[in-house]
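# No sequence on hand, only this structure:
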């Protein structure tokens, strides 16, 4: 009887030891890194952050409510309202470098945009579709020139110029910034306008149209060369603007 009791006590002790070891292993594994690749047939999520092993943010995929406001020159962009849903890209410096976004544009209208940015500044190239409630749309490839200064510095200079009370002085200050290459200027547009014409427009560093190639909605083609004031100095076919 006594030997049987001793055997049972030993069994219980062994069972307790094994259970304790198993529990410790289970708890430890639950806190360890998960290295197995997970597979989901379907998942609903409001935001996904893509990060490097060291935690650096490289991409955000998000709905409108949780969308990242963006970072430029190491500073979070202050926005008055929500940002469109989509994907926002971040470079090795931690700054935003473009994104793919989309959203509504009044009633039945919508828009889509894929852009890439200059380092510490705004977009330099983009593919955009802008469609209004009436169905008229502008769609095409656009190229912009950004200054070498960070965008927050550029915006501060522009806002200071806009606060000048005297209108003539205000315009002169803004024009000086433009001529010094300190503002964003458009350099190219290739696409379709809302009036159903297709256009290739080339701009100089101050954003002035210098060459414009157009095929109107009725199929009539024309090529225009413009001077710094916007006056047409040559066109093909001759007299196209009069027709």
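Ah, there it is. These figures come from a predicted structure and were not determined experimentally. Residues are numbered from 1 along each chain as shown.
# What is the neighbour count of the residue nearest to residue 151 when sequence neighbours are not counted?
Nearest residue to residue 151, sequence neighbours excluded (Cβ to Cβ, 6 or more residues apart in numbering): residue 121, at 4.6 Å. Where you see a C-beta, it was placed from the backbone N, CA and C, and this is true even at glycine. By the criterion of other Cβ atoms under 10 Å, residue 121 has 22 neighbours.
# Could I get the full set of helices for the protein?
Applying DSSP state H to the chain gives helices spanning 2-31, 151-162, 167-179.
# now the second one against helix 167-179, angle please.
In this case it means helix 151-162. 160 degrees (axes from the mean of the first three to the mean of the last three Cα atoms, to 10 degrees).
# Just list what helix 151-162 packs against, helices and strands only.
On a contact count with 3 or more Cβ pairs under 8 Å, 6 or more residues apart in numbering; DSSP states H and E, helix 151-162 meets helix 167-179.
# chain center to the helix it packs on, what's the gap?
Centre-to-centre, helix 167-179 and its host chain are 29 Å apart (Cα atoms, centre = their mean, to the nearest Å).
# Which elements pack onto it?
helix 151-162.
# Is residue 98 bridged to anything, and to what?
residue 89, residue 116 (DSSP bridges).
# contacting residues around it?
When contacts are counted by Cβ atoms under 8 Å, 6 or more residues apart in numbering, residue 98 is found next to 88-89, 114-117, 123.
# Please convert the buried members of those into PyMOL selection syntax.
Remark: buried members of the contacts of residue 98, expressed as a PyMOL selection using 16 or more other Cβ atoms under 10 Å:
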select buried, resi 88+89+114+115+117+123
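# still on that earlier bit, what does the residue nearest to residue 151 show for phi and psi?
Main-chain dihedrals, residue 121, degrees, to the nearest 10: phi -150, psi -170.
# which ones are touching it?
Counted by Cβ under 8 Å, 6+ apart, residue 121 has contacts 72, 146-147, 149-151, 154.
# which residues in the protein form strands?
47-51, 57-62, 71-72, 75-76, 86-90, 96-104, 110-117, 123-131, 137-145, 185-192, 198-203, 209-215, 221-226, 232-236 (DSSP state E).
# what does the fourth one rub up against?
When contacts are defined by Cβ under 8 Å, 6+ apart, strand 75-76 is touched by residues 69-70, 152.
# Quick check: neighbours of that strand in the sheet, parallel or antiparallel?
Using DSSP bridges, the strands paired with strand 75-76 are strand 71-72 (antiparallel).
# got the contact list for the residue nearest the centre of the chain?
Geometric centre of the chain, nearest residue: residue 99, 2.9 Å, by Cα atoms, centre = their mean. Residue 99 makes contact with 86-89, 114-115 under the criterion Cβ under 8 Å, 6+ apart.
# Alright, I will stop here.
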